[in-house]
Structure formats: C-alpha cells, structure tokens
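Asks: sequence plus the predicted model coming up.
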Amino acid sequence: MTMRSSRIITGGRRRRRATLAATVATIALAGCASVAPATTGSSGSSAFKEATQTPGSTITVWTDSTRLPFVQEYAKEHPNVKLNIVTYDGDANGSTYLQTKVQLFDRTGKGWPDVVFASPTDVTWATVPTNPSAQAFAAPVDQLVPKSILDNFATGSLSPCQVDGHTYCLRNDIAQVVLWYNKTLMDKWGYQVPTTWEQYQALGEEVAKQHPGYVIGSIGDTNSDESYYWSSQCPAQELVGKNTLEVDLSAPDCTRMTNLLDPLIADKSVATQGFFDQGFNGSKVLMSVGPSWQGQYLYNAAFKVPAGEMAAAAPLKWAGQSTTYTGNVGGGIWMISSHSTNIKGATAVAEWLTTNTSALASAPTYPAYVPAAKAWLANPANKDYFAANVSNVFINAANEVWTGWSNTKFSDETPWSNTILPALTAGKSLSAAVPAWQASIVNQAKSLGYTVVTK
Amino acid sequence: MERATAPSGARPARRHQRRRAGLAGYLFVSGYTVLLLAFGLFPTGYSIYLAFTNSLGQFTGLGQFVKVVGDFRFWPAFADIGSYLAMWLVLVVVLTVVTAVILRGRVRPGLSSVLRFLFYLPGALAGVASVLVWLFMLSPSVSPATGLLRALGLSTFDQVMAPGNLPVILVLIAFWTGAGGWIVVMYGALNNIPDEVLEAARVDGAGPWRTAWNIQIPMIRKWIVYMGILAFASGSQLFVEPQLLAAASLGRVSPTWSPNQLAYVFAFQYGDFNSAAALSVLLLVIGLIVAALLVTRSGLFKVGDE
C-alpha cells in the first residue's frame, strides 16, 4: 500500500521533473534579449532637456546637517524665495541614499530635489540615466553658471565634476591632505618636521625606539588609502579611457608606499586602529598624514588637543621628486537637478552656497572656491587654534591634489575597508593584504562595467 | 396549508442562514486576502516577471539568473548566510526545545512564567534596537562584559568585527531576540500533551529525560518542524542586522554580506531591479524547497494518523 503510493508519487515526480527540465531548457535556449540592453539616452548636453519652467516655484534643497545652517542663512537672506529644506546623511561614508532615492524618483517620474549636497562619487551615476527612459539627474552647471565663476575654483577641484567635457557639480569644499604634527611635542623632543616620505619613515623608526606608544599616522580608517596611496600617485583607480580603469597596485608608485608603511606598522609607529575608531587614544598622536579638516574635527573636537599645539606642514614628497602631489579625503559637492521646474532659482541657491565669500568665511571645512577660501583663512576662528599659520600650507596643497585618482562609480573606501582593514587588524602586513585589495577593486570595477587594465 | 407552508417557510430561512454564514467567512478572510494579494502575491508575481526580463521589458530567459550567480559577491554572500543558518537553526531548535521542556517539567509554575516572560522580553525590541544593544555589548571600550571580551583576545571593536566572527555575532543577536517567542510556542505545544500520557510514562518507570526524549519531543515534532521552516525563512532573509553592522564597523563588514543585501545593492545602487528580482526569486525557491522537504519528510500536514 505504502510502496505503491510512493511509487505513484515517484512516477509523478519524475514526469514533473522531466517537464520542468524541458521548460527550463526551452526558456534557456529561446531567443532571449540581452540582460543589459543598450541605453538610448547618453550623458552630455544632448540629453539635457530642461523641464517646463515655473519661475518662482518652490526649490527643494537636500543638505547634510553640517551645511544646514548655510542653507538656512540663504533662506533668511532671500525671504522671497520659496525653499523646502530637507536634511539627509549627505551620502557620506559610502552611503548611497541619494542614489537610491533618485532611482526610485526616476521610476515614479516625480519627487526629485532641485539642489543636493552630495559626495563626488555621486557625479558618476548622476550623469548617466538610471534607466532607459530616464534623464540623467545632474544638470550641466557649465550651461547655467558663468565660466568666470567656475574658473575661480581651486585647480583640479572641479575635476570630479567633469564628464565628457561638461561640468556637473560645484565643489563645496576640498580636503587636501597635509602633514599634521604636534609642534609642542616635536620641539620638546627635538625632532625636525619631515619634508619627504623618506624622512617621515626615518622619523617613525626614531619615535618607535625613543617614544614607544606614540604614532606618526594611522592606516586604519576607511579613507586612509586616500591619505597615503593617493598622495603616492598610486594607480589604484585611474581612468585611462572613457570606461577603462587602470588598477595596478603592483606599480612602483604603489609599492613604494606599501614598503614604506610595512616597517612602520610593524614597529607600531603607524597605527592600524583608525583615528575615528572607538577607543583610539588621541593623546598619543605626534603626527598624521591627513586632510585639512583633521585640524578642527580630529585634533580639536575629537582628541581635545589644547589650542596652540597642532600645526600643519606641506604635504610630503618623494626624495628627488620636483613636484609635490597630495591626496584628498572627501569634500562635498552641490548638484542641480535636471528635472527642476525652477532651474534659475536652483542655480542661484547652489551658486550662493559654494561661492558666497561672507557666508563661507565661517564654513566648517576649507572652501573650494578660491576667493571664499581666502576669506575662510582670514577668519580668526579657522586659524587661532593652531600653533602656526596654516594658510599657505592649505592654499598650496589645495592646488597639488593628484588628479590620477579618478572619481569612479564605486567608492574606493569599500574595497579598502573590506580587505585591508580586517587583514591589518588580524596582524597581517600591508604587502600580504594588497593582492586581495587589488582583486576587490578589479571585481567592483568589472561589475560596474569598467574595462580593467592591470598592466 | 399550514403543513405545507411550514416546511417551505423553514427551508428558505435555513438556506439564508447558511448563505449568511458563508458570507461571514469570506468577510473574515477578506482583510487578510486583500493584504496577501497586495503585499504577498502581487510583488512575488512582479518580481518573477522582472527576473525573466530586462529593463526594457524584453524576455531574457535565465539571463538574469546567470548574471547574478556569476557576480563576484554571489558565492561569498551565500557562504556567509549558509554558515549563519547552520549555527542558527541548530541552536534555535535544540535550545528552545530543551528550555521549554525544562520550564514545563522541572521548574515551579510561578517561576516558569516569570522566566518565559523574561526570555520573551528581548523579542519585543525591534531589530534595529537589538542590534544597537549588541553593538554596545560588543564594544570593548564601553561593554559591561569587557573582561570577557578581553579574555577572548578582543580588545578593540575592530577585532570583534573581524569577518570570521560575524556569523557568531549575528546568531547571538538573532537568538537573543527570536528564541523567547519560540520558547513560549514550544511551551504551549508541551501543554497540549495530555497529563495521562505523562502519568503513564511515569508509571512505566520513565525518568524526566526519558519522558522528554521518547514522549514529549516526538509529540511536539510538528511544532519543531514548523519552527524550522519559519526560522529558515527568516534566517535566509537576513538584512537589517548585517546592514547596521556594516555601517557601525565603518565599512569593515562587507555591504553585501548576505544575499538580501546583495539584492538591495543591485536594486538601489546599480538601479538593476531585474537582477535584484532574480536573486530574490532564487531565495524564494530555496525557501520553498526547504519548506517542501521538511513538510513532506515530517508529515506536517498529514491529518489524523496519530
């Protein structure tokens, strides 16, 4: 009885299985369309069509909380402009909130903000339609803002905004990498401030011997690759063609940094715990290779180093190198929506937020717009904390950011933090972990449609 | 006349009554049916449609599935969720059943109900809140269990968040929030066993462990299978917990740790809803296969043969 019923079931199953297999085969073999159909629209001015304009209509501004006071100030100064101010995470730390929302707005055909604060990485997707029937989100600002104004942004600061000969964003601030050091401690211990990477390495070895426990940098933050490898002109993600990315961490410009850091990691003068990790001991930092905002945000606010101790020096260069190149850690942008029904008003908001010198003099970070940067440096609040004048260091470094570290569709922080940081925490050396980092960047790039060359 | 009218009058009344009873039944299930259609069946159908088409709505056969399986994050994500599920299922099945048996038979009723309440309590916290509690518990600089963490060689949060520790951390969180509810369910199931059966076992000389192993657990087998199906389904859809850990660990935890997170990245980072749908359909199929295996092997839906 049981046997018979089970046999019947098996027979039925077998038949069903055969039918299923046949169906699957038919489906698989049928003339199928490609999973990635060619998009009809393309980026660039040809795709940009203004929406039907309603002069004076409400302008929705998405900002992070840091820039919120400035948007509010604009609202106060322009009481006749109708603004709808929305706060969001600003797409910091690899968040993709804006991208997620725009994907959905593109599907529903409404809801886009007019002006957004975002991260440079966002430009890469915002200049391409998110689906075949959508229009790219970012409007070309070079068709909206006078060239004389665009020319006043720091050298190279608009390069993440530039795609196919057009400029799609206004840079809010730069985070040029400089050399931060505790002047009080350096003087007390009789150390010279290094000017080359070779001297930096020698100093690290000295510190490890004479003042163990103190560090001259950290490699453990999500963006430490931008402080060290970007400054070293390492081709970790260099666009060499329209859609061709060079990823070569075995290039000499990368290995020189790996080889410099490994001994310092081994003797613990460079920390593998991130500065921003919970429990990092900020009182043991002699020096750091880091962005301009570290002065206020890290040393003043987080580490509570007393005023008059910290100073900034020019970015390090390699012995025998005539030009100095440095890295960049963050720095926001403003984009204008191509869907805005009040694009004139939206442009005015974005322009004011990035170029208004009197407002930007009290900005929390170093403005990308050169006249505003000068006003910022003249503001006592931005320099009184430091042991020496940081103006020249900041101004020069702002123009030395290496442009070979390209703005890509993925954040460089993801492969770095997923591969290198856990390896360092587990006690491995950088050189042992670099192959995994390389593979991770290559995989990310390929999955987003880049052609990867590794040489 | 009277005789003739009486039955004919009674019959329509009864028929009417029966129709009303039927209507009430439909009325009772209508709310659920509408929600099931709107949030269950329609989205499932739509994602099956998306999984077999591209962004222009053209039929792509198994193309999306091939693409998803070939993605470099696919196998790591399934390996992650696999190791998590293995630990989570064994732990939840063994520990909740053992706890329920102990609470039912070896603990005084008053204490037993207090304990059941305490076990259930963390489940009242939303997923997000429970992750925050565990982030606090697992940060050596603030945790009340710092000593224990250090004894395990974990002195910084980064070390706690090492990739190899994640399945364990996620099982801890899931067990802490989810086990209490199942203990209550299993306890209820044990209550269904007639006292005479247990009495008979005792008379036959069965001790508490023998009673549990040979009488109680076999008699609540169906509830255990039911728990297995639901725990597998919820476990394979893990999303919130690893997503929050990724943010809290400042990127050390991969943003595509679980398959559901990978689907999320496909949909909302790449705008590739079709691949995301294909991945979701794969998860659905896996869930259905496991459920079907458990149901057929255990005779969960067999009626009246016990």
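Replies: Received, thanks.
Asks: can you pull the contacts of residue B:175?
Replies: B:88, B:91-92, B:95 (C-beta atoms under 8 Å, 6 or more residues apart in numbering or on different chains). (Each C-beta comes from the backbone N, C-alpha and C, glycine too.)
Asks: against chain B, how distant is residue A:316?
Replies: Residue A:316 sits 25 Å away from chain B, going by C-beta to the nearest C-beta, to the nearest Å.
Asks: could you dump stretch A:386-406 to CSV, C-alpha only?
Replies: Listed in CSV are the C-alpha atoms of stretch A:386-406, where the atom choice follows Å, rounded to 0.1, in the frame of the first residue of the first chain:
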residue,chain,number,x,y,z
PHE,A,386,46.8,76.2,15.5
ALA,A,387,50.4,76.7,16.7
ALA,A,388,51.4,78.2,13.3
ASN,A,389,49.7,79.8,10.4
VAL,A,390,48.1,77.1,8.2
SER,A,391,47.1,79.5,5.3
ASN,A,392,50.0,78.9,2.9
VAL,A,393,50.1,75.2,3.6
PHE,A,394,46.4,74.9,2.8
ILE,A,395,46.4,77.1,-0.3
ASN,A,396,49.3,75.3,-1.8
ALA,A,397,48.1,71.8,-1.0
ALA,A,398,44.7,72.7,-2.5
ASN,A,399,46.4,73.0,-5.9
GLU,A,400,48.5,69.9,-5.5
VAL,A,401,45.8,67.2,-5.4
TRP,A,402,46.8,64.5,-7.8
THR,A,403,44.1,64.1,-10.5
GLY,A,404,45.0,60.5,-11.4
TRP,A,405,42.9,59.1,-8.6
SER,A,406,39.8,59.1,-10.6
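Asks: out of the contacts of residue B:175, the closest to chain A would be?
Replies: Lowest distance from chain A to these (C-beta to the nearest C-beta) belongs to residue B:88, with 22.5 Å.
Asks: C-terminal to the helix or strand containing that closest one, what's the next element?
Replies: Using DSSP states H and E, residue B:88 sits within helix B:74-105. Using DSSP H and E, the helix or strand that follows helix B:74-105 in sequence is helix B:109-120.
Asks: quick check: angle from that following helix to helix B:74-105?
Replies: Angle, helix B:109-120 to helix B:74-105, by axes from the mean of the first three to the mean of the last three C-alpha atoms, to 10 degrees: 170 degrees.
Asks: average pLDDT for helix B:109-120?
Replies: Helix B:109-120 shows a mean pLDDT of 89.
Asks: buried set for that helix?
Replies: The neighbour-count check on helix B:109-120 (16 or more other C-beta atoms under 10 Å in any protein chain shown) flags B:112, B:115-116, B:119 as buried.
Asks: just the buried residues of the contacts of residue B:175.
Replies: B:88, B:91-92.
Asks: now those as CSV including pLDDT?
Replies: Below are these laid out as CSV (pLDDT from 0 to 100):
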residue, pLDDT
B:88, 94
B:91, 94
B:92, 93
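Asks: quick one: residue B:199 from residue A:283, how far?
Replies: 70 Å (C-beta to C-beta, to the nearest Å).
Asks: same question for residue A:451.
Replies: Per C-beta to C-beta, residue A:451 is found 48 Å from residue A:283.
Asks: just residue A:447 next, same as before
Replies: 43 Å.
Asks: do residue A:181 as well
Replies: 15 Å.
Asks: more neighbours: the two, which one.
Replies: residue A:181 (24 against 10; other C-beta atoms under 10 Å in any protein chain shown).
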